[in-house]
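1. Predicted structure and sequence below. I'll ask about it afterward.
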Amino acid sequence: MKAAAPNPASTTSARADISFTPEPTLVHDRVIEWFEEHARTLPWREPDCTPWGVMVSEIMLQQTPVVRVLPRWQEWMRRWPRPADLAAAPVAEILRAWDRLGYPRRALRLQAAAQAMVDDHGGEVPGTADELRRLPGVGEYTAAAVACFAFNQPEVVVDTNIRRVHARAFTGHALPGKTYTSAQRRLAHDLMPATASDDGATACAWNASVMELGALICTARAPQCEVCPVADLCAWRTAGSPAPTEEQQTKGQAWAGTDRQVRGAIMAALRTSAAVPRAELLDGLALPEASAQQRSRCLDSLITDGLAAQAGDRVSLPGA
DNA sequence: AAGACGGGGCA
DNA sequence: TGCCCAGTCTT
C-alpha cells in the first residue's frame, strides 16, 4: 500500500512549515507493510465483524490486554450480537459475563451505550466520531477507534501504544510521559497520511499499524528494535536510546490494601453467589488486612455505582 | 492536571 | 515486588 504525503490542508495550522525527522511517508510505508505481514489475526479485525463487535472489543480493551479479552468477547458476541440484545439483558448477567476483565463499570456503561443506540440511533452503532463520543464510556480514543476501524473514517487514533511509538520514532524520547498533551495530539494529527487520494484507507491502515507495532515490537519495557521496520529511522535510536527520565516514568498504581482491591473481591464474591446477607459477604472476603469499615464503605460505593444491590439485609448483583 | 477505578501475567 | 495494559470520568 502506498502512503501519500501528510495531510496538507485538513486544518488551519500551517503544516507545511513543519519538518519531521524521520520523513513520515517513509515511516507510513514501512509500518503499514510490516502490519500486513505480521499483524495478529483478531476476530474484531475480520472483515465480517460488525461495528458492534468492534465497539465491544474497544470497550473491553480499555486497560485490559488482548489475551484476556478474547474469550469474553467471543461469549458476548454470541449472547448479545446486537446493541438491542445487550440493552435488554439483566445487569447481573452482564456483570457475570464480564467476569474478571476489570473495571466492571465499563460493562455498565457499555449497556448504557447500547440503550442509547436503541433510543437514538435505530439500534445501530453511530457512524461518526462525534456521535460515538457522546455515548457513555466512549472517550476520545474509543470514538476515533470505532469510527476508524468499523467505519473506515480517517480519525486520529491515539492510544498508549501509539503515543509511545510517536515519542520514540519522532520525538526521540524513551517514553511519552503520563499525560496526553496537546503537543502529542498535534503530532499525531500532523503524522496522519493524506486522505484525498484513497478516501482514508491509508489513514486507517496507519492507525492500526502503529498501534500493532507498539503492542508487539515497540513495547514499553523491552522493545525489539532488532526486528523493527523503522529502527534505522527512529529518533530515539538515533539519540542513543536514552533511558526514560524521571518525568517519563509511569505512576504505578498501588494495589494491596486499596479500595479497588476490596471492591474487586466483593464483586468476585457476588458473581459466584445468589443474594447473601451483608455481614456474611463482607466477613467472607479473603482480605485479612481490610478493616470492617473499609469493607462496608466499599460495598456501599459499589451499590452507589450500580454494581451491587441491597434488599433488606441481602446483597446481590443488581437485579439478581 | 491529578486521582479513582480491576486484575493478571511477566521480569 | 513492580510495572504494564486498544482509557474514561470526576474533581
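-> Cool, got the structure.

2. next helix or strand past the helix or strand that A:V165 is a member of?
-> A:V165 belongs to helix A:160-166 when elements are defined using DSSP states H and E. Remark: after helix A:160-166, the chain's next helix or strand is helix A:182-190, criterion DSSP H and E.

3. what about that following helix and DNA strand C, any contact?
-> No: Helix A:182-190 stays clear of DNA strand C (Cβ under 7 Å from any atom of the strand), getting no nearer than 12.1 Å. For every residue, glycine as well, the C-beta is placed using N, CA and C.

4. counting contacts, what elements does that helix pack onto?
-> Applying 3 or more Cβ pairs under 8 Å, 6 or more residues apart in numbering; DSSP states H and E, one finds that helix A:182-190 contacts helix A:160-166.

5. mind checking pLDDT for the nearest residue to A:E247 once chain neighbours are set aside?
-> Closest residue in space to A:E247, ignoring its immediate chain neighbours: A:G177 at 6.1 Å, by Cβ to Cβ, 6 or more residues apart in numbering. Looking at A:G177, its pLDDT reads 87.

6. What of A:A144?
-> Reported pLDDT for A:A144: 97.

7. Tell me which residues touch the residue of the stretch 1-150 of chain A found nearest DNA strand B, please.
-> Going by Cβ to the nearest atom of the strand, DNA strand B is nearest to A:G102 of the stretch 1-150 of chain A, at 2.1 Å. By Cβ atoms under 8 Å, 6 or more residues apart in numbering, the residues touching A:G102 are A:Q63, A:T64, A:G264.

8. go with 6 Å
-> By Cβ atoms under 6 Å, 6 or more residues apart in numbering, A:G102 lies in contact with A:T64.

9. quick one: it is in a helix?
-> No: A:G102 is assigned coil when assessed by DSSP: H, G, I helix; E, B strand; the rest coil, not a helix.

10. Quick check: the nearest residue to A:P244 once chain neighbours are set aside vs A:G240, distance?
-> Closest residue to A:P244 apart from its sequence neighbours, by Cβ to Cβ, 6+ apart: A:A174 at 4.1 Å. From A:A174 across to A:G240, the span is 11 Å (Cβ to Cβ, to the nearest Å).

11. Compare the two (neighbour count), which wins?
-> Neighbours were counted for A:A174 and for A:G240 using other Cβ atoms under 10 Å; A:A174 has more, 19 against 8.

12. wait, isn't that one in contact with A:E247?
-> No: counting by Cβ atoms under 6 Å, A:A174 stays clear of A:E247, with 10.7 Å between them.

13. Look at the residue most central in space within chain A and give its secondary structure.
-> Closest residue to the average C-alpha location of chain A: A:Q62 at 3.1 Å, with Cα atoms, centre = their mean. Under three-state DSSP, A:Q62 falls in the coil class.

14. I'd like to know how far the closest residue to it other than its chain neighbours sits from A:P242.
-> Nearest residue to A:Q62, sequence neighbours excluded (Cβ to Cβ, 6+ apart): A:R106, at 6.2 Å. Distance, A:R106 to A:P242, by Cβ to Cβ: 36 Å.

15. what about the two, which has more around it?
-> Remark: of A:R106 and A:P242, A:R106 carries more neighbours, 18 against 11, as counted by other Cβ under 10 Å.

16. Counting neighbours, what do you get for A:G264?
-> Counted by other Cβ under 10 Å, the residues lying close to A:G264 total 18.

17. which element is it on?
-> Using DSSP H and E, A:G264 falls in helix A:259-271.

18. which parts of chain A sit against DNA strand C?
-> Proximity of chain A to DNA strand C, by Cβ under 7 Å from any atom of the strand, involves residues A:42, A:44-45, A:57-58, A:61-66, A:103, A:109, A:136-143, A:145, A:159-161, A:164, A:175, A:211-212, A:214-215, A:219-221, A:249-250, A:252-253, A:255.

19. so of these, which ones are in helices?
-> Cross-referencing these against helices under DSSP state H gives A:57-58, A:66, A:109, A:140-143, A:145, A:160-161, A:164, A:211-212, A:214-215.

20. show me which of those neighbour DNA strand B.
-> Among these, proximity to DNA strand B is found for none (Cβ under 7 Å from any atom of the strand).

21. Name the nearest of those residues relative to A:G306.
-> A:R109 (10.1 Å; Cβ to Cβ).

22. Now do the contacts for the nearest residue to the closest one once chain neighbours are set aside.
-> Excluding its sequence neighbours, the residue lying closest to A:R109 (Cβ to Cβ, 6+ apart) is A:G137, at 3.0 Å. By Cβ under 6 Å, 6+ apart, the residues touching A:G137 are A:R106, A:R109, A:L110, A:A113.
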